[in-house]
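K.L.:
Got a predicted model here, sequence first, then my questions.
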Amino acid sequence: MGEVLGDVLGLAAGVAVSPLPIIAIIIVLATPRGRVNGLVFAAGWVVGLSALGAVMLVIGGRGNSTTHGQPADWVGALKLALGVALALFGAKLWRHRPTDVTQAQLPKWMAAIDRFTPAKIFLLALLLSAGNLKNAPLTIAAAATISSSGLPVAEQIAALAIFVFIASVGLLTPLGVFLVMGERAKNMLGNWKEWAARHNTAVMAVLFFVFGLKVLGDGIGVLVS
């Protein structure tokens, strides 16, 4: 279990640092029903990561490690493909990042969040977790590592739960600040939102590239072992 967690916690940290979802929940918290909507958003995020990870555990199944206790070749091939895709996308983002961060613009859909129903907020959180171009590959890579570890099912589920919790820290932090501080948190959260909006592209580019190289290296390590 300890070895598996060591392999996946770095990936969880990569998911946790997600500027757009953090901006989204800050906007959600600023809505008239911010407390309820924030909890709904957090629930959608957790469900999205958990569901994607669970599907990968089912697909991978138990007993997919080699006779020497190493992950199966399919895990290495999957990580290799995901790592290449992440690194290339990170390089592309870096080339197209805004030269003036003060001119950075948020996606237009964010302007409509304050009019979303709780159901739409839940679906948005699902999309930003399980459908995100960075978070989905990192979650799949982590779940593939867990599913091929040969751990009992209960321990695999526990490892996935720990991954999801760590991957949610970035999102749960503004929610926790809001729940504790209430209206007093708005200025602080507004500053976080402004910083994340200005540096979103650069941060995402670095994360894509760095974690792409990590997943790529993991894949190569599995294939040559």
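P.N.:
In hand now; what should we look at? Numbering: from 1, shown residues only.
K.L.:
Look through the chain and tell me its longest helix.
P.N.:
Taking DSSP state H as the criterion, the chain has its longest helix at helix 186-224.
K.L.:
In that helix, which of the residues would be classed as buried?
P.N.:
189, 192-193, 196-209, 211-212, 214-216, 218-219, 222 (16 or more other CB atoms under 10 Å). For every residue, glycine as well, the C-beta is placed using N, CA and C.
K.L.:
and what of stretch 136-153?
P.N.:
136-151.
K.L.:
For the lowest-mean-pLDDT helix or strand in the chain, name the packing helices and strands.
P.N.:
Within the chain, no helix or strand scores below helix 186-224, which has a mean of 84 by mean pLDDT, DSSP states H and E. In terms of contacts (3 or more CB pairs under 8 Å, 6 or more residues apart in numbering; DSSP states H and E), helix 186-224 is packed against helix 2-16, helix 19-29, helix 73-95, helix 135-147, helix 169-181.
K.L.:
Mean pLDDT added to the ones you listed, as JSON lines?
P.N.:
Converted to JSON lines, the helices and strands packed on helix 186-224 look like this (pLDDT from 0 to 100):
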{"stretch": "helix 2-16", "mean pLDDT": "89"}
{"stretch": "helix 19-29", "mean pLDDT": "90"}
{"stretch": "helix 73-95", "mean pLDDT": "88"}
{"stretch": "helix 135-147", "mean pLDDT": "91"}
{"stretch": "helix 169-181", "mean pLDDT": "92"}
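K.L.:
Quickly compare these and say which is most buried.
P.N.:
Of the helices and strands packed on helix 186-224, the one with the most neighbours on average (mean count of other CB atoms under 10 Å) is helix 135-147, at a mean of 26.
K.L.:
That one to helix 2-16, inter-axis angle?
P.N.:
Orientation check (axes from the mean of the first three to the mean of the last three CA atoms, to 10 degrees): helix 135-147 against helix 2-16 gives 170 degrees.
K.L.:
In the following helix or strand past helix 135-147, which residues are buried?
P.N.:
Proceeding N to C from helix 135-147, the next assigned helix or strand is helix 153-167, under DSSP states H and E. Residues of helix 153-167 classed as buried: 156-160, 162-164, 166-167 (neighbour count, 16+ other CB under 10 Å).
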